[in-house]
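> Predicted model follows, preceded by the sequence.
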Amino acid sequence: MMKKVLVLICLFISLLPVFAQTEPMPYRTVLNRFMLFYNRNQADSVFTMFAPEVKTDMPLEKNRQMLGQLQAQSGGLQRATFLSMENNVATYRVDFQKAILAMKISLNPTGKIGGLLFDNYAPASKSTLAAIVDDAYTTETPFELKTLSGTIRGTLATPKQATGKVPVVLIIASAGQTDRDGNKPKLNQKPNTYRLLAAALAKEGIASLRYDKRLVGETISPTRESQMRFDDYVDDAVALITQLHDDPRFSKVIVLGHSEGSLVGMLSSSGQPVNGFISVEGESLQADKIMSNQIKNQPEFITKGYKDITDSLRRGKVNDKVDPALYSIARVSIQPYLMTWMRFDPVREIKKLKIPVLILQGSNDLQVSVADAERLKKGKSDAKLVVIPGMNYVLKDAPSAAPANMATYNQPELPVKPELTAAVVEFVKTIK
């Protein structure tokens with residue numbers, strides 16, 4: 001085990017007790033600047049970020065030595081994932097080239113770093129979610145598939161009362177660090193969406209497989225973030241489709257992709273032994289346009305900086321001039337993934353499918369619009385489009401007002417919309 005690394009431990013005990021579970025923007029901004037200076041070996045620039053009392057306790061030369069030690073032991077800093085916030089101290093999982101560490105950071109009232117600690121990272125144990133799952137109808141078993149790129153792990157949910165072969169739905173998760181159950185623990189989002197959907201389908205005699213993507217949960221892959229490509233997700237889905245198709249327990253395979261998983265599902269279903277495809281809250285635009293829309297209200301230097309990066313990616317070149325404010329969406333290590341994701345136009349890809357297609361969209365989704373679903377429908381004129389009133393991004397009943405809508409992202413006991421389940425069940429049972 002790697003020897004513990006402690007760097008710049010300062011004055012945490014003087015902070016007021018404030019508790020929060022969402023990442024404050026000032027912390028991310030400071031962290032992005034720290035990552036930039038650290039990776040450029042600019043210890044003097046890091047030093048300017050510290051509060052006066054930290055500079056006193058950790059003079060410039062000592063700061064250089066400590067950062068040099070960290071770089072020698074751990075290498076470059078590739079990614080920082082927010083975990084929690086307590087007493088004005090933010091905790092992150094930080095992925096270096098040679099190690100994964102835990103990082104705690106505090107800011108003083110002027111936005112300067114008042115404390116910084118690196119320590120060994122210990123993943124939190126799985127907590128039991130409060131979601132209501134009807135186990136009388138569902139049998140859940142661990143699933144594992146070894147591929148040339150690692151080991152995919154997930155959960156197979158089958159109906160307990162089934163006799164003979166049953167249909168199976170492959171559930172492909174949304175963007176980011178979404179796990180097999182539809183949760184994003186690093187963002188403190190636990191709607192439990194896919195587990196609830198799996199239970200609802202099992203009650204109707206339909207099996208399902210949900211799984212952890214690469215770099216998420218229990219799936220094992222040697223792939224680093226800088227090596228990830230959008231096609232990797234497609235390759236994994238194709239391998240799972242083949243496995244399900246060859247399993248004698250299942251009568252037909254249906255692919256269900258949620259959000260970004262919709263595009264993965266389209267690509268992995270084309271030319272494969274898939275009987276039907278379901279797009280749920282699927283984006284209709286290419287990746288660069290999606291991200292541009294998300295930051296369109298940001299200051300001009302951010303929107304222009306992002307445009308410069310995407311222009312470079314279209315030419316097949318990574319852009320290493322990334323403003324710290326853009327690190328969360330366009331850091332250098334993630335640009336190869338963006339480059340491959342940008343190649344695909346969902347409207348064109350859905351048009352290529354030669355199988356039955358169902359498009360499901362919630363009217364109260366704050367992230368993907370009904371207009372997206374309508375564009376996908378135009379691309380695949382024979383697809384069935386169902387707009388579900390009141391359904392939001394995590395497939396639950398939610399008001400249109402943002403605060404109450406977002407609150408459902410952390411309500412694992414709230415069921416998925418019954419209309420969603422009904423539409424999926426009808427589609428699965430009517431296709432051949």
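Good, I have the coordinates. Residues are numbered from 1 along each chain as shown.

> switch to C-alpha atoms for all contacts and neighbour counts from now on
Fine.

> Just the helices from the stretch 1-150 of the chain, written as ranges.
Assigned by DSSP state H, counting those that start in this stretch, the stretch 1-150 of the chain shows helices spanning 25-39, 43-47, 52-57, 60-74.

> what's Ala402 sitting at in phi/psi?
phi -60, psi -50 (degrees, to the nearest 10).

> Phe277 is nearest to which of the helices of the stretch 1-150 of the chain?
helix 25-39 (37.9 Å; Cα to Cα).

> quick revisit: dump the helices of the stretch 1-150 of the chain to a markdown table, plus mean neighbour count and mean pLDDT.
Listed next are those as a markdown table, based on neighbours: other Cα atoms under 10 Å; pLDDT from 0 to 100:
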| stretch | mean neighbour count | mean pLDDT |
| --- | --- | --- |
| helix 25-39 | 18 | 90 |
| helix 43-47 | 18 | 92 |
| helix 52-57 | 14 | 83 |
| helix 60-74 | 16 | 86 |
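
> Over to the residue nearest the centre of the chain. Which of the three states is it?
Nearest to the mean C-alpha position of the chain, counting by Cα atoms, centre = their mean, stands Gly176 at 1.6 Å. What DSSP: H, G, I helix; E, B strand; the rest coil gives for Gly176 is coil.

> show me where the stretch 1-150 of the chain has strands.
19-20, 77-86, 89-96, 100-107, 113-120, 138-147, 150-159 (DSSP state E, counting those that start in this stretch).

> likewise the stretch 201-350 of the chain?
207-211, 250-258, 276-280.

> So which of these is nearest Met66?
strand 207-211 (40.3 Å).

> That closest one: partners in the sheet, and parallel or antiparallel?
strand 150-159 (antiparallel), strand 166-172 (parallel) (DSSP bridges).

> Averaging pLDDT over each of those, report the lowest-scoring one.
When those are ranked by mean pLDDT, strand 150-159 comes last with a mean of 94.

> Tell me the buried residues in that one?
Buried residues in strand 150-159, counted by 16 or more other Cα atoms under 10 Å: Thr151, Ile152, Arg153, Gly154, Thr155, Leu156, Ala157, Thr158, Pro159.

> Same question for stretch 105-123.
105-107, 112-121.

> Adding pLDDT and distance to Phe301, write these out as CSV.
Supplementary listing: the buried residues of stretch 105-123 in CSV, determined by pLDDT from 0 to 100; distance: Cα to Cα, whole Å:
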residue, pLDDT, distance to Phe301
Ile105, 92, 27
Ser106, 91, 27
Leu107, 91, 25
Lys112, 92, 23
Ile113, 93, 25
Gly114, 89, 28
Gly115, 87, 30
Leu116, 88, 29
Leu117, 86, 31
Phe118, 83, 32
Asp119, 80, 35
Asn120, 78, 37
Tyr121, 76, 35
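
> Now flag whichever of those residues is closest to Glu53.
So of these, ranked by how close each gets to Glu53 (Cα to Cα), first place is Gly114, at 7.6 Å.

> List the residues that contact the residue lying closest to Lys104 once chain neighbours are set aside.
Leaving aside its chain neighbours, Lys104 sits nearest to Thr91 (4.5 Å; criterion: Cα to Cα, 6 or more residues apart in numbering). By Cα atoms under 8 Å, 6 or more residues apart in numbering, the contact set of Thr91 is Phe82, Leu83, Ser84, Met85, Ala102, Met103, Lys104, Ile105.

> Mind putting the buried residues of stretch 105-123 into JSON lines with distance to Lys432?
JSON lines is the format used below for the buried residues of stretch 105-123 (distance: Cα to Cα, whole Å):
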{"residue": "Ile105", "distance to Lys432": "56"}
{"residue": "Ser106", "distance to Lys432": "58"}
{"residue": "Leu107", "distance to Lys432": "59"}
{"residue": "Lys112", "distance to Lys432": "62"}
{"residue": "Ile113", "distance to Lys432": "61"}
{"residue": "Gly114", "distance to Lys432": "63"}
{"residue": "Gly115", "distance to Lys432": "61"}
{"residue": "Leu116", "distance to Lys432": "59"}
{"residue": "Leu117", "distance to Lys432": "58"}
{"residue": "Phe118", "distance to Lys432": "56"}
{"residue": "Asp119", "distance to Lys432": "55"}
{"residue": "Asn120", "distance to Lys432": "52"}
{"residue": "Tyr121", "distance to Lys432": "49"}
